[in-house]
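A.B. asks: Attaching a predicted model along with its sequence, questions to come.
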Amino acid sequence: MLKNLTIILCLLVSMMGASVQETKVYSCESGELKVKPSPTTEFTEWLATHNEKIGKAAPASTKKTTRVTLVFVVDKEGNILNPKIWRGIGQGYDEYAHKLITSNPFKWLPGQISNKVPVSTEVYYELDYIKNNNRLMTKANEPLR
């Protein structure tokens, strides 16, 4: 009886460990990631085609205020979840950036940990309205290397 109880307990603990890995959201800046998430070519091309504000600076903008940074989770299937404006410039550009991200039908390549296991990852993504030089950022709003 004690042996059966021990086996059941071990199975429950191992199942809980697998569940934690599935629900954990990794940081793009984490050393645990072997591969960082990235937009697919289709995602990037769709943004360039559908962004009607490319090359149009906001009326009260400077070089630093032509970019909107969004934060969202790229799940292990490459879907974008819960996008929010992290650093905005106002004047309708924040809302437009959010609309572009949420209406884009293409997925991302998910982040991966060891053994090429895809995982959910928090992403800071900067949309550049002038140069269309969109890129991954750190939480401190520096380009991610």
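C.D. replies: Sure thing, it's come through.
A.B. asks: all helices of this protein, in order?
C.D. replies: 2-23, 41-50, 93-103 (DSSP state H).
A.B. asks: Pick out the shakiest of the ones you listed, pLDDT-wise.
C.D. replies: Confidence, taken as mean pLDDT, is least for helix 2-23 of the helices of the chain (a mean of 56).
A.B. asks: And the strands in this structure, which stretches?
C.D. replies: Here the chain has its strands, by DSSP state E, at 25-27, 38-39, 67-74, 80-87, 108-109, 111-113, 117-128, 135-137.
A.B. asks: What residues are bridge-paired with the most centrally placed residue in the chain?
C.D. replies: Computing the C-alpha centroid of the chain and ranking residues by CA atoms, centre = their mean puts Val123 first, at 3.1 Å. On the basis of DSSP bridges, Val123 is bridged to Phe72.
A.B. asks: ok, it touching Pro37?
C.D. replies: Yes - if you go by CB atoms under 8 Å, Val123 and Pro37 touch, sitting 5.7 Å apart. To be clear about C-beta, it is placed using only N, CA and C from the backbone, and glycine gets the same treatment.
A.B. asks: any shared contact partners between those two?
C.D. replies: Counting by CB atoms under 8 Å, 6 or more residues apart in numbering, the contacts common to Val123 and Pro37 are Cys28, Val74, Trp108, Leu136.
A.B. asks: okay, the strands of the chain in JSON lines with mean pLDDT next?
C.D. replies: JSON lines is the format used below for those (pLDDT from 0 to 100):
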{"stretch": "strand 25-27", "mean pLDDT": "95"}
{"stretch": "strand 38-39", "mean pLDDT": "96"}
{"stretch": "strand 67-74", "mean pLDDT": "95"}
{"stretch": "strand 80-87", "mean pLDDT": "96"}
{"stretch": "strand 108-109", "mean pLDDT": "97"}
{"stretch": "strand 111-113", "mean pLDDT": "95"}
{"stretch": "strand 117-128", "mean pLDDT": "95"}
{"stretch": "strand 135-137", "mean pLDDT": "88"}
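A.B. asks: Distance to Gly55 for the ones you listed - can I get that in CSV?
C.D. replies: Converted to CSV, those look like this (distance: least, CB to CB, whole Å):
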stretch, distance to Gly55
strand 25-27, 33
strand 38-39, 20
strand 67-74, 13
strand 80-87, 21
strand 108-109, 25
strand 111-113, 31
strand 117-128, 10
strand 135-137, 18
